[in-house]
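Undergrad: The amino acid sequence is not available; the structure is as follows:
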């Protein structure tokens, strides 16, 4: 059975001896089937909310900077931004090489450099950005103010949208299909009022997510950062590799 929305809903149907859906009647399904469809999406939402950095939700994005503009909005599906990945890409037209942007604390930016945002007519202060800061709202900013329409690249972790069409595929790998179905079954049995079975499936679902976390996140720390105040640059950090 295909690993898609229809296939997952039919996995749920199979566990409770309900007739499987087809691509022809999937969109108009009602009653139990409507509950099963929502249960699958609820399980996927729960899975994606259990960690900020599931690698299967990792996304690269290129932003074209605007000359004279410092601040930019996150993408609508942003869950967590990796501020260590910001870089200005090489551009032969603008004669700039690839530059990694160092992270700057927002309070320091406001204290020392905020006037550059208001000095909109002074083109002499515009350069290739060297720093990036996290604004208090859903924005980030760069400093110095960009001189040209440089291409800025960064990486973030996205919030996947709910499955809708019968052929939609979850972002989680097929190897964890059973985890999604266990989570969906929790919602199905909860809807049916069988709290004992629902609680048992919820525990199984949570255990499956913890195994995913062990595989994808807990064993993914090759480096540790030295955060001693006296041993680091105001904008950078020291990094040690674990061997």
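TA: Cool, got the structure. Owing to the predicted nature of the structure, the values given are computational and were not obtained by experimental measurement.
Undergrad: what about the residue nearest to residue 35 when sequence neighbours are not counted, helix or strand, and which?
TA: The spatially closest residue to residue 35, leaving aside those adjacent along the chain, is residue 191, at 5.3 Å (CB to CB, 6 or more residues apart in numbering). No exception for glycine: its C-beta is placed from N, CA and C like everyone else's. Using DSSP states H and E, residue 191 falls within helix 177-192.
Undergrad: Which positions within that helix qualify as buried?
TA: 177, 179-190 (16 or more other CB atoms under 10 Å).
Undergrad: could you dump those to CSV with pLDDT?
TA: Formatted as CSV, the buried residues of helix 177-192 follow (pLDDT from 0 to 100):
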residue, pLDDT
177, 97
179, 97
180, 98
181, 98
182, 97
183, 97
184, 98
185, 97
186, 97
187, 96
188, 96
189, 96
190, 93
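Undergrad: out of those residues, who's nearest residue 102?
TA: residue 179 (38.6 Å; CB to CB).
Undergrad: how close does that closest one sit to residue 43?
TA: 8 Å (CB to CB, to the nearest Å).
Undergrad: Find the residues that touch each one of these two.
TA: By CB atoms under 8 Å, 6 or more residues apart in numbering, residue 179 and residue 43 have these common neighbours: residue 205.
Undergrad: just checking, the residue nearest to residue 35 touches residue 36?
TA: No: the criterion here is CB atoms under 8 Å, and residue 191 misses it with residue 36 at 9.2 Å.
Undergrad: quick one: residue 152 and residue 91 touch, right?
TA: No: the pair residue 152 / residue 91 is not scored as a contact, 10.9 Å apart, by CB under 8 Å.
Undergrad: between those two, who's got more neighbours?
TA: More crowded of residue 152 and residue 91, by other CB atoms under 10 Å: residue 152, with 21 against 15.
Undergrad: Thanks a lot, catch you later.
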